[in-house]
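let's see this in three dimensions:
(chains A and B)
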Amino acid sequence: MKFSYAGALVALTLASLLSACGGKAQYTVQGSVSGVTVDGLQLVNGGQTLDVPKGASSFAFPQQIDYGTEYNITISKSPEFFTCGVSGGTGSAGYTVSIGAAVSCTPNTYTVGGTYSGLVSVETTPPVAPATEPTPTPNIVTLINGSGSRVDISSATATSGTFTAATLTNGEVYSISILTQPKNLTCTLTNQNGVIRAPNSVTNLTLTCVPST
Amino acid sequence: MKNMTLRSSLALLCGAILSACGGSDGSLQIAGSITGLTKDGLVLVNEGNGDEYIVPAENRSTFTFKKLVSVDDNFNVKIKGDGPAGATCVVNAGSGKANVYNAYSVQVICTNDPRKLGGAVVNLKADGLVMANGADTVSVPAGASSFVFPHTVGDGTAYGINILEQPKTQRCTITGNAVGTIGSQDLIVGATTSPAVTLTCADVPAT
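Model prediction:
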């Protein structure tokens, strides 16, 4: 009787040991994160969600998955005014030594622009045969956003219309200047300074060109 | 006699074959990419064989040396002299024994030399003034006699200075070169430099 108790005990111990190590290997659903400069990123995998704080360079879901379990990491929420994507977010646990998805976020961009008028050509280019009429020479005004972006607006496109002077992200300051004036015209710019307030682009700049006096 | 002719012609043939394979008459051309170059005056030299390449204005993003090199020839790409005025260029992965993996992937990286941009300020008695050069901004406190933008501007780069926010109880106006292209000098208040602009501020009459 005593002997069989001991035997049962050994068997039980063995069984519990076996279940501990004999179960399937466990995998952490994890990966790298880049470009998360603000809070608000949330990932989801198989009904589990994970909030990723700003500044994070990696993530790991708290609950591990078994060998052979399919995983599918997707973005359930991007930070406000950011767009995020996942690469290597789907697979089967154990197919690779460890799971390594890559989540990267980039800020959405917004344009700064407006309307222009009076940008006429003031010179002509002599005709080249078989043409008989001279062609208007493009007249160009160049706008800059400080030492950042630069755009040429040409009379060849239209004498009036819309323009985009800069493409920026939420919260960035813009400060547009006229780098070079067109020939024989003087252009003035209004509303050239401000701050990008997402989700709105800026469209209220006006560039008005008149003949120089 | 017959044997002699045969031998000598064999020797000639051998010589011809050897000269064909030897020397630097190879099949590889040392080449690579250039980034950040906006100026004339960059000359690359392969010190392995003395070959020089003058980077033309029409293509400032790639280069290929003319002389062919053979597998295992030593190559060592350097910037000739000081490089372009107002810029600093460096070579990455520019040397080794030539093979198909390294011969075409030399990197030349150029950066225009940084210049400081700023202005003088006259009669600023109130807080709140913010100056902008594009997205680069600087707050100028009451009592300041000068300002400098936090980011430098590369030699040869355009700038445009605007008043983003006026001080609370004053109005400032800009004189000087609010728009321009920075050259070889800083544009700030200093013993040997002149500021790009002068801001003159006046009290706003109470309304």
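
contacts only, for residue 76.
Chain wasn't specified; assuming chain A. Neighbouring residues of A:Ser76 by CB atoms under 8 Å, 6 or more residues apart in numbering or on different chains: A:42-44, A:49. Heads up, the C-betas are built off the backbone N, CA and C, glycines and all.

chain B, not that one
Here B:Asn76 is in contact with B:46-48, B:94-95 (CB under 8 Å, 6+ apart).

which one of those residues is nearest B:Gly134?
The shortest approach to B:Gly134 among the contacts of B:Asn76 belongs to B:Gly94, at 34.3 Å (CB to CB).

ramachandran angles for the closest one?
Dihedral pair for B:Gly94: phi -100, psi 0, per degrees, to the nearest 10.

for the closest residue in space to it that isn't next to it in sequence, give its distance to B:Lys39.
Distances taken as CB to CB, 6 or more residues apart in numbering or on different chains put B:Val77 closest to B:Gly94, at 3.7 Å, once the chain neighbours are dropped. Distance of B:Val77 to B:Lys39, given as CB to CB, to the nearest Å: 19 Å.

and if you look at B:Phe75?
Note on B:Phe75: its distance to B:Lys39, by CB to CB, is 25 Å.

chain B - how does it break down into domains?
With domains defined by automatic domain parsing, chain B comprises B:23-112, B:114-203.

of all those domains, which lies closest to A:Ser117?
With CB to CB, the closest approach to A:Ser117 among the domains of chain B belongs to domain B:114-203: 21.1 Å.

so is that closest one next to chain A?
Yes - applying CB under 8 Å from any CB of the partner chain, one finds domain B:114-203 in contact with chain A at B:117, B:132-137, B:151, B:153-154, B:157-164, B:178-179.

in chain A, which residue sits nearest chain B?
A:Gly146 (2.0 Å; CB to the nearest CB).

which non-adjacent residue is nearest that residue?
Once flanking residues are discounted, A:Gly146 sits nearest to B:Gly134: 2.0 Å by CB to CB, 6+ apart.

got a pLDDT number for that neighbour?
At B:Gly134, the model reports a pLDDT of 95.

dig out what A:Tyr110 forms beta bridges with.
Counting by DSSP bridges, A:Tyr110 forms beta bridges with A:Leu168.

might you report the residue contacts of the residue nearest to the spatial centre of chain A?
Central residue of chain A (CA atoms, centre = their mean): A:Thr106, 2.7 Å from the mean position. Contact analysis of A:Thr106 by CB under 8 Å, 6+ apart lists A:35, A:82-84.

okay, it: pLDDT?
96.

check which helix or strand it maps to.
Assigned by DSSP states H and E, A:Thr106 belongs to strand A:101-107.

would you list the strands that that strand pairs with, along with their directions?
Strand A:101-107 has its sheet partners listed here by DSSP bridges as strand A:30-34 (parallel), strand A:82-87 (antiparallel).

pretty sure the residue nearest to B:Gly94 is touching B:Val106, no?
Yes - the criterion here is CB atoms under 8 Å, and B:Val77 meets it with B:Val106 at 5.1 Å.
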